[in-house]
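1. the amino acid sequence is not available; the structure is as follows:
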């Protein structure tokens, strides 16, 4: 056995010791032998226990496992030790597959995909583990977050072999120094706005207080004038951020809503040098949420004190940025009091009606095509937009999908156009809406498979903010993911696509996400592994893992995404990803899920075009009323059936139109909208048994009985019938 020890001290950790005797925590991660595959000119590696990849531009893709340790705020991380056990070698004949190119997804410029290549002369990566420490909010508690990225593979490009380790033990030494709190008042939720919007926001303040969310409206004049806390900071943005810090420490604030567009409420400019093609200065509200560094000191985003904020290799300068949000936040980019009233009314109606319990909420609309195509150098053969959409559907397994894709002709149709299908999908009601493609502030678009022009959705090739503003879906309001460049760039267009969903008085959406600058994604199947589309996948995962507010969806996804030694594309992705909406917006409720429904009961075989009935039962430990959804295995669903008392059977009928075998399964949800797991499937066979077919079968069987000569001729025909 080969054992190696790597001690990681510093690297952003706190190394002072002022508390009691240090404590330690150990965890071991075991890895199975890598699965080595040769694909064209490259070797690919898979390890089933890993949960991601090390993806650095112009370097090979390396499977990775990221482990998160969480400690109370004030904890000092002293050191992290990784011990490797049983290092083994595997010879490979081809170079490891490169990390796919990161490409911008702009509707205004056609990005050319370059062939991913790299040249290595040394073992990569250099270490088995790397880590960083940050401060954030986890489960509504201020926390120190330690991320350890384990890299179980090392690649020697000169000798053409890999080393892999079958176990790594992580030991963390730390000291607990709890932060004591003594709040002078308690306001869980603060709404920050200019004075002219205050009266329009009073109904929202009252509504939140009635929901036992202690809420206070604070105006910019009160912040700058020191009404509640002494005003600190070199400019308006820093004064606002210091105010948020004081609210956290004096009021116990966990959620912050910013009200106003860029003219009404300032934002912080950032300076990320992604590459020679992207030195865009863009705005980031993450500045207001990233309050503390890993030592719980105020984080200025200007650690070199040159008054140029959030620098990454900007004229040779890089500022220390923690990235972990210390509050849950959102912005409603209202330009006048009328828009404030519109969104306030939508929030109140959404929560009072418990929209997340309605049957329409369990619909999800996904829209995508081929984000990068062969005429522009992408030879992956993957329709990235649809690939992302399917990854989202795999996470949101209890939602009824409406796939508006190029491949099924629903995004590219001519009689019923792509715009028609998007409109009907939204106006029929859905809880979530996912666009994956290209964008500009006022438009979303994408390519057909291997297309030369962005012609989708048909007929115009454009899904614009004007179309969004004319949606008429009433109170059936989705949470919207706007995958593409600049779709949340509210400072350049005060009705950008992401905001237009919220500002629509007759429908649109209740909350949304979008990039405030040029967005980047990976090509091919790497598209879900990081950057804009990877973060969208993380947001859906956060919901699936139990986030019950819009703010939790955002914060949990950010916490999950961040990893040690991130590069410029990640910096920009995290800083530009803008949540539009109320961070305290309820998108689910705490409730015990119903029990797994019974396996469906009904006929196991039958005839096509005949109707059959199936039943299933579940129980709920809380005695809640239940609703049932039957998945017929052919891409169709029963629709929600109920309410039914706990333990009362539900029935649904189905008529299959095509011959085949189908797996029926059933899902239950309670009156709070919380879903069970799917039932075990029931296999159903629907052969063709029409009367004419039966007569033909009997005739052919008689002929076979007369002479075996006919068997080889007629038996295949019988099998087909």
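-> Thanks, I have the structure now. Here the structure is a predicted model, which is why all the values come from computation and not from measurement.
2. following the chain onward from the helix or strand containing residue 668, which element is next?
-> Counting by DSSP states H and E, the element that carries residue 668 is strand 660-670. Using DSSP H and E, the helix or strand that directly follows strand 660-670 along the chain is strand 682-686.
3. contacts for that following strand, please.
-> Here strand 682-686 makes contact (Cβ atoms under 8 Å, 6 or more residues apart in numbering) with 599-608, 612, 614, 633, 656, 658-665. Glycine gets a C-beta too; all of them are placed from N, C-alpha and C.
4. just the strands in the stretch 251-400 of the chain please.
-> 255-259, 268-272, 281-284, 311-312, 328-332, 363-368, 400-405 (DSSP state E, counting those that start in this stretch).
5. how many residues are close by residue 564?
-> Around residue 564 there are 18 other residues, counting by other Cβ atoms under 10 Å.
6. okay, it: pLDDT?
-> As predicted, residue 564 sits at a pLDDT of 96.
7. got the contact list for it?
-> Neighbours of residue 564 in contact, by Cβ under 8 Å, 6+ apart: 11, 130-132, 147-149.
8. repeat that for residue 338.
-> Contacts of residue 338 (Cβ under 8 Å, 6+ apart): none.
9. tell me the bridge partners for residue 404.
-> residue 367 (DSSP bridges).
10. repeat for residue 167
-> On the basis of DSSP bridges, residue 167 is bridged to residue 30, residue 85.
11. now the helices: where do they sit in the stretch 351-500 of the chain?
-> Secondary structure of the stretch 351-500 of the chain (DSSP state H, counting those that start in this stretch): helices located at 384-395, 418-427, 465-469, 497-503.
12. out of the ones you listed, nearest to residue 553?
-> Across the helices of the stretch 351-500 of the chain, residue 553 has its closest neighbour in helix 384-395 (12.2 Å, Cβ to Cβ).
13. can you give me the buried ones in stretch 651-668?
-> 651-652, 654, 656, 662, 664-668 (16 or more other Cβ atoms under 10 Å).
14. per-residue confidence averaged over it?
-> For stretch 651-668, the mean pLDDT works out to 97.
15. also stretch 444-455?
-> 97.
16. change the start of the numbering to 120 and stick with it
-> With 120 as the first residue, the last one maps to stretch 563-574.
17. quick one: it to chain centroid distance?
-> 24 Å (Cα atoms, centre = their mean, to the nearest Å).
18. next: stretch 296-310.
-> Using Cα atoms, centre = their mean, the offset of stretch 296-310 from its chain centre is 30 Å.
19. got a list of contacts for it?
-> By Cβ under 8 Å, 6+ apart, the list of residues contacting stretch 296-310 reads 137-138, 191-195, 261, 320, 323-324, 327, 332-337, 363, 366, 368-376, 378, 415, 702-703.
20. now, which of the contacts of residue 683 lie within helices?
-> When the contacts of residue 683 are checked against helices using DSSP state H, none is located there.
21. got a PyMOL select line for the buried ones in those?
-> Of these, the buried ones go into a single PyMOL selection, burial set by 16+ other Cβ under 10 Å:
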select buried, resi 249+250+251+266+267+268
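22. hmm, residue 436 and residue 423 touching each other?
-> Yes: using Cβ atoms under 8 Å, residue 423 is in contact with residue 436, at 5.6 Å.
23. neighbour count: those two, which is higher?
-> residue 436 (15 against 12).
24. how near is the more buried one to residue 424?
-> Going from residue 436 to residue 424 by Cβ to Cβ, to the nearest Å gives 11 Å.
25. same thing with residue 141?
-> Distance from residue 141 to residue 424, by Cβ to Cβ: 33 Å.
26. now do residue 274
-> Residue 274 sits at a distance of 40 Å from residue 424 (criterion: Cβ to Cβ).
27. and for residue 730?
-> Applying Cβ to Cβ to residue 730 and residue 424 gives a distance of 75 Å.
28. before we move on, back to that, shared neighbours, residue 423 and residue 436?
-> Shared contacts of residue 423 and residue 436, counting by Cβ under 8 Å, 6+ apart, come down to residue 430.
29. shouldn't residue 789 be in contact with residue 743?
-> Yes: using Cβ under 8 Å, residue 789 makes contact with residue 743 at a distance of 3.9 Å.
30. related to what we said a few turns ago, point out the most buried one among the helices of the stretch 470-619 of the chain.
-> Mean neighbours per residue, mean count of other Cβ atoms under 10 Å, is largest over those for helix 616-622, with a mean of 29.
31. buried ones in stretch 349-360?
-> Within stretch 349-360, the residues scored as buried using 16+ other Cβ under 10 Å are 350, 352, 356-360.
32. in helices, which of those residues fall?
-> Short answer: those in helices (DSSP H) are 356-360.
33. that older thread, what is the most widely separated pair among the buried residues of stretch 349-360?
-> For those, and using Cβ to Cβ, no pair is farther apart than 350 and 356, which are 12.6 Å apart.
34. my guess is residue 739 contacts residue 764. True?
-> No: between residue 739 and residue 764 there is no contact under Cβ under 8 Å: 9.2 Å.
35. of the two, who's got more company?
-> A side-by-side neighbour count of residue 739 and residue 764, using other Cβ under 10 Å, places residue 739 first with 23 against 12.
36. tell me the domain ranges of the protein?
-> The chain breaks down by automatic domain parsing into domains covering 122-294, 301-709, 730-805, 810-839.
37. residue 617 and residue 603 touch, don't they?
-> No: here residue 617 does not reach residue 603: they are 9.9 Å apart, not a contact under Cβ under 8 Å.
38. next up, the contacts around residue 523.
-> Here residue 523 is in contact with 484-487, 529-530, 537, 540-541, 544, 576 (Cβ under 8 Å, 6+ apart).
39. quick check: the gap between it and residue 369.
-> Counting by Cβ to Cβ - residue 523 and residue 369 are separated by 48 Å.
40. before we move on, what about residue 760?
-> Residue 760 is 51 Å from residue 369, by Cβ to Cβ.
41. which of the contacts of residue 683 fall within strands?
-> With strands taken from DSSP state E, the overlap with the contacts of residue 683 comprises 249-251, 266-268.
42. not counting sequence-adjacent ones, nearest residue to residue 502?
-> residue 489 (4.2 Å; Cβ to Cβ, 6 or more residues apart in numbering).
43. pretty sure that neighbour contacts residue 504?
-> Yes: under the criterion of Cβ under 8 Å, residue 489 makes contact with residue 504 at 6.6 Å.
44. joint contacts of the two?
-> 525, 565.
45. rewinding a little: residue 662: which of the strands of the stretch 370-519 of the chain is closest?
-> Taking Cβ to Cβ, strand 482-487 is the member of the strands of the stretch 370-519 of the chain nearest to residue 662, at 10.8 Å.
46. run the chain-centre distance for that closest one.
-> On Cα atoms, centre = their mean, the centre of strand 482-487 falls 14 Å from the chain's centre.
47. average pLDDT for it?
-> The average pLDDT within strand 482-487 is 98.
48. angle of that strand against helix 503-514?
-> 160 degrees (axes from the mean of the first three to the mean of the last three Cα atoms, to 10 degrees).
49. need the contact partners of strand 482-487.
-> So strand 482-487 is in contact with 502-509, 511-512, 515, 518-525, 530, 541, 544-545, 547-556, 565, 576, 597, 602, going by Cβ under 8 Å, 6+ apart.
50. what pLDDT, on average, does stretch 453-467 get?
-> Stretch 453-467 comes out at a mean pLDDT of 98.
51. to clarify, my last question referred to stretch 185-196.
-> In the prediction, stretch 185-196 has an average pLDDT of 96.
52. same thing with stretch 580-597?
-> pLDDT averaged over stretch 580-597 gives 98.
53. same question, stretch 159-167
-> pLDDT averaged over stretch 159-167 gives 94.
54. list the buried residues in it.
-> In stretch 159-167, counting by 16+ other Cβ under 10 Å, buried: 161-164, 166.
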